[in-house]
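J.: sequence isn't available, so here's the structure alone:
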């Protein structure tokens, strides 16, 4: 094998990405160096934060480079190893997605147990799960008895945040999502106490109906009018975990901020942004709770699967349009 | 003496208050009951939060009532006492401003040492001082070496916050104010490292010039474009103490929120609102630091004095227009 395929950034999108912003490129596979492994990717992740990396702006992760391969979380099977810690057939978590094969240092991959489902390490047991756990418990300091509101609640992070909240004793968990099917999934299967389709009516009105006594915690995955509605609904000493703003990722103009932020003074609100990679030290605590929840079925995790590297760009585009329920992954 | 004068709320303002929203009323002084004291007010406070109390909305302090006397911090001299703990001539801090005389329970006043300047208990040693101290050190968690930006910096709270920051080891303290004279006062006398007049040019541009390496802490007294500029300038792990939004107190429409709030995610910002009365437990720590700073001249405190109860409404109106340098008080 001397050739493989990669997805390159062909152009920086202006607004929503289109297929033309990506290019499927056949490249020569380099020789394996000392200490390196050759991986055949089994699944790769597409995540909302990748949209930000398509812009050429300074951020907490460096931007993707034009005419170079993208990267991101992936699960690969070792094909060839120049390091004693790994042998062909091992399954590993690593950061070189968006390509059929990857070559990397053995030290930069983490061996995983494929019996738990390889893709779970991109989702419930991976970055999205830790994001939900840290955002809810550390950043928003959720306590038993709290009423919790989660936007993007049918997404990978949101669906886990809501279920963790219930497991940790939230009195009431409310989710918003963008379709009737997602809303039904939240209340019918994932244990949310209430959910609504934000496209049906103003978020503020629907949230007031779902949480007549207000909310204590808001887990913000979308920004925009959801955040403004949450600020209105938050009780005194309420906390907001600012996890992302999907509604704004494709925006070409500055989007309006919450017009009611001055309420944060009298209500003593705390709004706090976070990036999960600052909190990798919590991975042990997280896995100790999450793995049993998953194994027992107490927490469920949905995946939306797209087949084939050539469809990875449309998977990311679809994710930004809310076409996923749970984690969006690409099977290679 | 059987008559005294009070300021009543004559109408709820729509936008900026006008003199017609207040009424100077002569009333009968009631008889002194058991345990009560009669006070002659020496000075009274006007504070930005009073504007909010002129609206009939639920907030952290109840609204003023129409056709009833206003209230607020004041210093009075005991004229007559029906309680053994106080004798005529004692000077006390209490909550019944906006009137020439007050009758209250002896238990609801606090005796102060008039040799430190009676009005200081309405300012540097009182609520504004504690607000600055708690907001800067507890809410925004300022650390030595931080670069600190303060809006409304020539006001009572802002001028103290800036000086406390310097005393506590801030690397650089930047203030904004609304006139050239105030800006000169900040850098020339109060020890700010830089200051600008927010009316001269966009806050964002002036702040970038004053803090080319960004800021770590923002003490927000005004909201609006100052907050948006601060979010842009904040470094990773930056903290904002949301103390008030003078720019919005007189607003009749919802004011735009910061369009760049989504930056809080990648920069891991924390924005936290607070109300000083939640933090009265810090009064001892605060006075232990502030009293020596004031006595030594390390911290200076400006007052803008208006004479006469009949001019108290214009003092509050002027305060909301930024006509004060330091604490606005009314001498009665």
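T.: Received the coordinates, thanks. Note that the structure is predicted; figures quoted are calculated from it, not measured. Numbering: from 1, shown residues only, chains lettered A, B, ... in the order given.

J.: how far away from the center of its chain is stretch A:40-52?
T.: Distance of stretch A:40-52 from its chain centroid, counting by Cα atoms, centre = their mean, to the nearest Å, is 10 Å.

J.: again with stretch A:206-216
T.: 25 Å.

J.: can you get me the start-to-end distance on that stretch?
T.: 16 Å (Cα to Cα, to the nearest Å).

J.: give the contact list for the residue nearest to residue A:326 when sequence neighbours are not counted.
T.: Leaving aside its chain neighbours, residue A:326 sits nearest to residue A:302 (2.7 Å; criterion: Cβ to Cβ, 6 or more residues apart in numbering or on different chains). C-beta: built from backbone N, CA, C; applies to glycine. Applying Cβ atoms under 8 Å, 6 or more residues apart in numbering or on different chains to residue A:302 gives the contacts A:154, A:159, A:185, A:325-327.

J.: pick out the most distant pair among these.
T.: A:185 and A:327 (13.4 Å; Cβ to Cβ).

J.: higher neighbour count, the two?
T.: Neighbours were counted for residue A:185 and for residue A:327 using other Cβ atoms under 10 Å in any protein chain shown; residue A:327 has more, 28 against 22.

J.: and the gap between the more buried one and chain B?
T.: Applying Cβ to the nearest Cβ, to the nearest Å, the value for residue A:327 to chain B is 20 Å.

J.: beta partners for residue A:22?
T.: residue A:9 (DSSP bridges).

J.: thought residue A:9 was touching it, still the case?
T.: Yes: between residue A:22 and residue A:9 there is a contact at 6.9 Å, judged by Cβ atoms under 8 Å.

J.: common neighbours of those two, please.
T.: residue A:70.

J.: all strands of the stretch 1-150 of chain A, in order?
T.: A:3-9, A:22-28, A:36-45, A:74-81, A:91-94, A:101-105, A:110-111, A:147-150 (DSSP state E, counting those that start in this stretch).

J.: pick the most buried one from those strands.
T.: strand A:147-150 (a mean of 30; mean count of other Cβ atoms under 10 Å in any protein chain shown).

J.: which SSE is immediately downstream of that one?
T.: Going down the chain from strand A:147-150, the next helix or strand is helix A:156-167, by DSSP states H and E.

J.: contacts for the next helix or strand after that next one?
T.: Once helix A:156-167 ends, the next helix or strand along the chain (criterion: DSSP H and E) is strand A:172-177. Strand A:172-177 has contacts (Cβ under 8 Å, 6+ apart) with A:147-154, A:158-159, A:162, A:165-166, A:183, A:185-186, A:191-198, A:203, A:206-207, A:210-211, A:215, A:226, A:322.

J.: for the residue in the stretch 201-332 of chain A positioned nearest to chain B, give the beta-bridge partners.
T.: As assessed by Cβ to the nearest Cβ, chain B sits closest to residue A:257 within the stretch 201-332 of chain A, at 2.8 Å. Legend: beta-bridge partners of residue A:257 under DSSP bridges are residue B:257.

J.: buried set for stretch A:59-67?
T.: Going by neighbour count (16 or more other Cβ atoms under 10 Å in any protein chain shown), the buried part of stretch A:59-67 is A:60, A:64.

J.: now the end-to-end length of it.
T.: First-to-last residue span, stretch A:59-67, Cα to Cα: 20 Å.

J.: do it and chain B meet at all?
T.: Yes: using Cβ under 8 Å from any Cβ of the partner chain, stretch A:59-67 comes into contact with chain B via A:59-60.

J.: just give me how far that stretch sits from the chain centre.
T.: Distance, centroid of stretch A:59-67 to centroid of chain: 18 Å (Cα atoms, centre = their mean).

J.: run a quick neighbour tally on residue A:310.
T.: Neighbourhood size, residue A:310 [other Cβ under 10 Å]: 14.

J.: and the gap between residue A:74 and residue A:39?
T.: Distance of residue A:74 to residue A:39, given as Cβ to Cβ, to the nearest Å: 8 Å.

J.: where do the helices sit along chain A?
T.: A:49-53, A:127-133, A:156-167, A:180-188, A:203-210, A:224-233, A:246-249, A:263-266, A:283-296, A:312-320 (DSSP state H).

J.: want to try a markdown table for those, with mean pLDDT as columns?
T.: Putting the helices of chain A into a markdown table (pLDDT from 0 to 100) gives the following:
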| stretch | mean pLDDT |
| --- | --- |
| helix A:49-53 | 91 |
| helix A:127-133 | 95 |
| helix A:156-167 | 97 |
| helix A:180-188 | 96 |
| helix A:203-210 | 98 |
| helix A:224-233 | 95 |
| helix A:246-249 | 62 |
| helix A:263-266 | 92 |
| helix A:283-296 | 93 |
| helix A:312-320 | 95 |
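
J.: enumerate the residues of chain A near chain B.
T.: A:52, A:59-60, A:223, A:227-228, A:236, A:242-245, A:248, A:254-275, A:278.

J.: one more time with 6 Å, if that's ok
T.: Selection of chain A residues close to chain B by Cβ under 6 Å from any Cβ of the partner chain yields A:59-60, A:223, A:242, A:244-245, A:248, A:254, A:257-259, A:261-262, A:264-266, A:268-274.

J.: would you mind listing which of those are buried?
T.: Buried members of the residues of chain A next to chain B, counted by 16+ other Cβ under 10 Å: A:60, A:223, A:242, A:244-245, A:248, A:257-259, A:261-262, A:264-266, A:268-274.

J.: endpoints of stretch A:135-143, how far apart?
T.: The first and last residues of stretch A:135-143 sit 13 Å apart, counting by Cα to Cα.

J.: good, we can wrap up now.
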